[in-house]
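next input, structure requested:
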Amino acid sequence: MASNALGLEDLVAAMPLAAAVIDRSGETVTANALWLAVAPDLAEHLSPVPVGAQRLRIRSVPAVVDVRASRMVAGDITHERCVELRVAEIGAGDFRLVTCADVASLEPHDDGLAFESRHPLTGLPGRRLFLELLGHAMTMSDRHRYQPAALAIGITGLDEVEANHGLAARTELIVAVASRLRASLRPGDVVAHTGDERFAVMLPDVDGSYLAEGVSYRLSAVVNRPFRLGGASADVELFIGVGTSVGAKHPETVMVAAERALEEARQIPVTPGSDTAGRVVVADGAGHTISVHDATTDGSAIPAAAPRQRRIDVTELREEELISYFQPVLDITDGRVVAGEALMRWRHPHYGVLSAGEFLGLAVNNGLLATLTDQALVCSTETWAEIRDQLGPEPPRLFVNLSPEQLLSRVAVERLYHLLIATGLPATDVVVEVTEEAMSTRFGEMLDVLNEIRSHGLRVALDDFGSGYSSLGRLRHLPIDVIKVDQSLVRGLENDRRARQLLAAVSTMVTELEVDCIVEGIETAAEAAIVKDLGFRYVQGYHFARPQPADEFAKLTGIGMAVRGASS
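Below is the predicted model of the structure:
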């Protein structure tokens, strides 16, 4: 069977949503059970089979596509659903991998204000769907470049409007607030309606607290403008709690931090007579308050009563304050450290060591990103050269991250070549990481750059594999030596049979491709044991070792380490 030749039957069977391989004429080659149930409703959309993504409304049993909610709905009652159909080329383009996932039920749920998908009044995502989207953003984010943030928003003034103008006016005002929030944000940001007087906003790429604060001030100013309700005017005030994902592993942690910050914002009295549109309190992923400010009607900020601030000015960063940390990659069979991934850090004179997510966003705003990433490449290479003699007779490889812009401009690539000569590092010691997402655009140009890099003796790793919708047909043509499996494929391994089957299919694939494979993001002993049982050899994650300074990395590499939680 054609699907056997492509090796996709196991992959399709393991996918947690409706999936099938279809030929150009629309004939199904192989499919999982979920697909067989929903196929009749999708038939008209699959001949011909368009590549890309589209959203459709279909009449279907909820259980067919509401897979991620883990709710099987009995009976034969059907209602309209909104689904997303994704189609990607595989093989030489003769076949298509088609998946169908539920976007949201068009019928309201009866869970009170817990709202699993959409709020029935505003149509915005509810708390559960919001947390799912936030978790997805945390998983998809490039941990070296940005950190998502959540805003918990509370509104005051609704009760007064209802008392003066009635319940209909209150309802109209809530919808108007939702509309203003949506209009004030970027297309990629998410607004959710989590309660009668509460909203939430997810900012997927704000690089810590600074930009999230700026968005909060702007939202406060926009929503503070008077609303027209028929012939009357109404005002509301916002209190906003910002939770950053710095130091957090789970979306619930970020949301709880934001909600606690919101409660703190409500408890601090507003200065009488001040030109205040609202209050903004920022907390990190551990729930620690970073700053307390009032948002003014012009969108700026002034210190609130009893402020606790941490203000970071990236223009003050001196080159000698930029340091490199290294996160070990281990051979799970014997505990050897086989590689170190270089990560940028700022040794701040007042706040200690800051992760890249806490200041790179500021660098973007100040036009300093190219300078900082260039300095980071120099720092990591020179630091590695300094400690290489301490890393044993067979030193680990150095993994360095280069962005698509750095690769395509070739400036950083040329700089890396010169650094190897200047430091004496063998080219075979260095692995250049490129993300799966980076390969999705300007594919031909990126292919030329990667081939050039390998011609100089360096190795190439495809990072975040499994986090996107790249064509499997392209994978066999990529000039890569290493595949790094994204942490999203590791989550839930202990309790999810399909997740284990999917990872097993990846193990088989990399073996056939004859490339090394590193499984990232392992955080528990159970995950480590399963990954080992599935045949993977190289691992990385907080369960084994966190990013650490060069001297600590050298000590760890010199003595080796016991592999925790993965014994046979």
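
buried sites along the helix ranked longest in the chain?
Across the chain, the longest stretch assigned as helix under DSSP state H is helix 369-387. Within helix 369-387, the residues that count as buried by 16 or more other Cβ atoms under 10 Å are 369-370, 372-373, 376-381, 383-385, 387. Heads up, the C-betas are built off the backbone N, CA and C, glycines and all.

now stretch 176-195
176-178, 180-181, 184-185, 189-195.

what comes into contact with it?
With contact meaning Cβ atoms under 8 Å, 6 or more residues apart in numbering, stretch 176-195 is reached by 113, 115, 119, 121-122, 124-127, 129-130, 133-134, 152-153, 155, 199-205, 215, 218-219, 222-223, 227, 229, 236.

G424 versus L391, what's the distance?
14 Å (Cβ to Cβ, to the nearest Å).

neighbour count winner among these two?
L391 (19 against 8; other Cβ atoms under 10 Å).

among the contacts of stretch 176-195, which ones are in helices?
R127, L129, F130, L133, L134, V215, R218, L219, V222, V223.

pretty sure the second one sits against R118.
Yes. The pair formed by L129 and R118 meets the contact definition of Cβ atoms under 8 Å, at 7.3 Å.

what is the burial count for G154?
So G154, with other Cβ under 10 Å, has 20 neighbours.

brain fart, P349
Counted with other Cβ under 10 Å, P349 comes out at 9.

any idea how far D313 is from it?
11 Å.

just D41 next, same as before
Counting by Cβ to Cβ - D41 and D313 are separated by 55 Å.

over to T122?
Distance from T122 to D313, by Cβ to Cβ: 38 Å.

so between these two, which is more surrounded?
T122 (20 against 10).

what's the closest non-adjacent residue to that one?
A178 (4.3 Å; Cβ to Cβ, 6 or more residues apart in numbering).

which helix or which strand is home to that neighbour?
A178 belongs to helix 167-183 when elements are defined using DSSP states H and E.

kindly export that helix (C-alpha atoms) in CSV.
Taking Å, rounded to 0.1, in the frame of the first residue of the first chain, the C-alpha atoms of helix 167-183 are listed here in CSV:
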residue,chain,number,x,y,z
LEU,A,167,-29.9,45.2,32.4
ALA,A,168,-30.0,45.6,28.6
ALA,A,169,-27.6,48.6,28.8
ARG,A,170,-25.2,46.5,31.0
THR,A,171,-25.2,43.7,28.4
GLU,A,172,-24.7,46.2,25.6
LEU,A,173,-21.8,47.8,27.5
ILE,A,174,-20.1,44.4,28.1
VAL,A,175,-20.2,43.7,24.3
ALA,A,176,-18.9,47.1,23.6
VAL,A,177,-15.9,46.6,25.9
ALA,A,178,-15.2,43.3,24.3
SER,A,179,-15.2,45.0,20.9
ARG,A,180,-12.8,47.7,22.0
LEU,A,181,-10.4,45.2,23.5
ARG,A,182,-10.3,43.2,20.3
ALA,A,183,-9.9,46.3,18.1
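
next secondary structure after that helix?
Immediately after helix 167-183, counting by DSSP H and E, sits strand 190-195.

now the angle between helix 167-183 and that following strand, please.
150 degrees (axes from the mean of the first three to the mean of the last three Cα atoms, to 10 degrees).

roughly how far out does strand 190-195 sit from the chain middle?
Remark: strand 190-195 is offset 19 Å from the chain centroid, using Cα atoms, centre = their mean, to the nearest Å.

can you check stretch 368-385 too?
Chain-centre distance of stretch 368-385: 24 Å, with Cα atoms, centre = their mean.

and stretch 131-141, by the same measure?
The answer for stretch 131-141 is 5 Å, by Cα atoms, centre = their mean.

give me the contact list for it.
Residues contacting stretch 131-141 (Cβ under 8 Å, 6+ apart): 68, 125, 147-148, 150, 190, 202, 204-205, 245, 248, 250-252, 254-255, 464, 467, 486-488, 491.
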